[in-house]
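Novice: Here is a sequence together with a model predicted from it:
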Amino acid sequence: MNELVTARTVLRRWREADLDAFAEITAQPEVMRWIGDGRVLDRAGTAERLDIYRRHWEEHGFGLFALVLRESGELAGFTGLAVPTFLPEILPAVEIGWRLGRQHWGQGLATEAATAVVDHARADLGLKRLVSIHQVGNEASARVMIKLGMSLERETIEPSCGRPVRVYAMELDGSP
């Protein structure tokens, strides 16, 4: 599946032309505050991330979608699926995640797009379970997880940066 469409968004595979718009997002300190050690990325660092996202698609057959606003065509960020190798204690697992530019917060876009990704994970990929990683303090992201129907599974420390995280999870096959 290369594209998912919601009322306000198109979730699609990444394009070379997305680099500059995504670099603007990854340069926002408010956005990157909750990612890894909280450092912003420059254009080269953002290009490396996009290469990693593309390789993930090739390796796993799923990945992080570019989140584009239907009305304007603007790249607002991403929503999608990834294998959370940065937190080995929960593997094997598939994580649902999102990152939106600051100007797109508080509009329900993350929840709308993530709901489409959950449906895709269940119906198209046949996944049985999803996790999501919440850096403690990022309550807006935790609210999206709860809206999706996820429940707190455990608290731990992210090894790469030593920050406390909470792992939320949901079963997709109807089991508790």
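Specialist: Structure's in. What do you need?
Novice: Nearest the geometric middle of the chain, what residue?
Specialist: By Cα atoms, centre = their mean, the mean C-alpha position of the chain lies nearest to residue 97, the distance being 2.1 Å.
Novice: which residues are contacting the longest helix along the chain?
Specialist: Counting residues, the longest helix found in the chain (DSSP state H) is helix 43-60. Identification of contacts with helix 43-60 by Cβ atoms under 8 Å, 6 or more residues apart in numbering yields 13-14, 18-20, 22-23, 26-27, 41, 62-64, 78, 82-83. Bear in mind the C-beta positions are built from the backbone N, C-alpha and C, glycine included.
Novice: so the closest residue to residue 62 other than its chain neighbours is in which element?
Specialist: Distances taken as Cβ to Cβ, 6 or more residues apart in numbering put residue 81 closest to residue 62, at 4.8 Å, once the chain neighbours are dropped. Element membership for residue 81 (DSSP states H and E) is strand 75-82.
Novice: Residue 110 too?
Specialist: helix 109-123.
Novice: Just the C-alphas of the helix or strand following that helix, formatted as CSV.
Specialist: Sequence order places strand 129-135 as the next helix or strand after helix 109-123, per DSSP H and E. Extracted in CSV, the C-alpha atoms of strand 129-135 (Å, rounded to 0.1, in the frame of the first residue of the first chain):
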residue,chain,number,x,y,z
ARG,A,129,-0.4,-5.9,17.8
LEU,A,130,1.0,-2.3,17.8
VAL,A,131,3.1,-0.4,20.3
SER,A,132,3.8,3.3,20.6
ILE,A,133,6.6,4.9,22.6
HIS,A,134,5.8,8.0,24.7
GLN,A,135,8.6,10.1,26.1
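Novice: what's strand 129-135 packed up against?
Specialist: Where contact means 3 or more Cβ pairs under 8 Å, 6 or more residues apart in numbering; DSSP states H and E, strand 129-135 is packed against strand 95-100, helix 139-147, strand 151-158, strand 163-171.
Novice: on that earlier part again, if you count neighbours, what's buried in the helix holding residue 110?
Specialist: 109-118, 120-122 (16 or more other Cβ atoms under 10 Å).
Novice: out of those residues, which one sits closest to residue 103?
Specialist: Lowest distance from residue 103 to these (Cβ to Cβ) belongs to residue 109, with 10.6 Å.
Novice: Quick check: the gap between the closest one and residue 142.
Specialist: The spacing between residue 109 and residue 142, counted by Cβ to Cβ, to the nearest Å, is 16 Å.
Novice: so what's the closest residue in space to residue 15 that isn't next to it in sequence up against?
Specialist: Closest residue in space to residue 15, ignoring its immediate chain neighbours: residue 66 at 7.2 Å, by Cβ to Cβ, 6+ apart. Contact analysis of residue 66 by Cβ under 8 Å, 6+ apart lists 11-15, 18, 22, 75, 78.
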